[in-house]
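Peer 1: this is a predicted model, with the sequence first.
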Amino acid sequence: MSRIGKRPIIVPAGVKASTDGKVVKVNGPHGSLELPVRPEVKVDIKGAEILVTRDNDSRISMSLHGLTRTLVANMVKGVTVGFEKKLEIIGVGYKADVQGDTVNLSLGYSHPVKYALPKGIKATVEKSTLVTIKGPDKQIVGQVAADIRALRGPEPYKGKGIKYVDEVIRRKAGKAGKAAGGK
């Protein structure tokens with residue numbers, strides 16, 4: 001039995017969870033999320049707990065057992081608290097601002113870069129160099145953060161670019177100067 005999969009998920013007050021056998025739906029103060037469930041696993045809702053079980057011990061069933069439980073737990077956490085990722089922009093003249101559902105970035109290119117946010121995702125900018133992405137779906141928040149970071153990844157010599165706040169950039173030594181006696 002999966003150690004992760006057999007733990008029940010506690011549904012907090014203010015969150016409604018429902019299932020029809022094929023789709024799990026979770027509604028809460030930060031939105032609503034749906035997850036299609038594979039036939040190898042079964043999701044049951046009993047009172048204020050969600051239980052994930054499997055029918056047999058096949059390799060795919062065991063793999064999906066813990067995965068499904070974790071995805072449902074992330075859905076419950078997402079609609080109650082939400083998820084966020086913070087990005088830091090480093091470089092002279094590099095900056096960002098948000099207009100509606102579009103993030104406008106100046107990243108040293110000859111043109112400004114516009115990134116359209118997906119539905120349900122919000123972005124805020126502090127000090128024009130710190131971008132915070134928030135939303136109820138952990139996967140979409142992470143994907144949006146990765147897409148924005150990929151627009152201008154951090155380079156190893158000066159560290160210019162977009163990086164996660166907690167990311168450490170390995171720096172390289174620059175080009176060495178001329179040797180003392182050489183021409």
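Peer 2: On my side now, so go ahead.
Peer 1: from here on, just use CA atoms for contacts and neighbour counts.
Peer 2: Will do.
Peer 1: can you name the residues that contact the residue nearest in space to the middle of the chain?
Peer 2: The centroid of the chain falls nearest to residue 142 when counting by C-alpha atoms, centre = their mean (2.1 Å). Residue 142 makes contacts with residue 85, as judged by C-alpha atoms under 8 Å, 6 or more residues apart in numbering.
Peer 1: could you tell me whether it really is in a helix?
Peer 2: Yes - Residue 142: assigned to a helix according to DSSP: H, G, I helix; E, B strand; the rest coil.
Peer 1: and the lengthiest helix in the chain, how far out from the chain middle?
Peer 2: Ranked by residue count under DSSP state H, the longest helix found in the chain is helix 59-80. From the chain centre to the centre of helix 59-80 is a distance of 15 Å (C-alpha atoms, centre = their mean, to the nearest Å).
Peer 1: next structured bit after the strand or helix carrying residue 85?
Peer 2: If you go by DSSP states H and E, residue 85 is part of strand 83-90. Next in sequence after strand 83-90, counting helices and strands by DSSP H and E, comes strand 95-99.
Peer 1: how far off centre is that following strand?
Peer 2: The answer for strand 95-99 is 20 Å, by C-alpha atoms, centre = their mean.
Peer 1: contacts for the helix or strand following that strand?
Peer 2: Counting by DSSP H and E, the next helix or strand C-terminal to strand 95-99 is strand 102-106. Under the contact criterion C-alpha under 8 Å, 6+ apart, strand 102-106 has outside partners 93-98, 112-117, 123.
Peer 1: farthest-apart pair in those residues, please.
Peer 2: Farthest apart among the contacts of strand 102-106 by C-alpha to C-alpha are 93 and 117. That separation is 22.9 Å.
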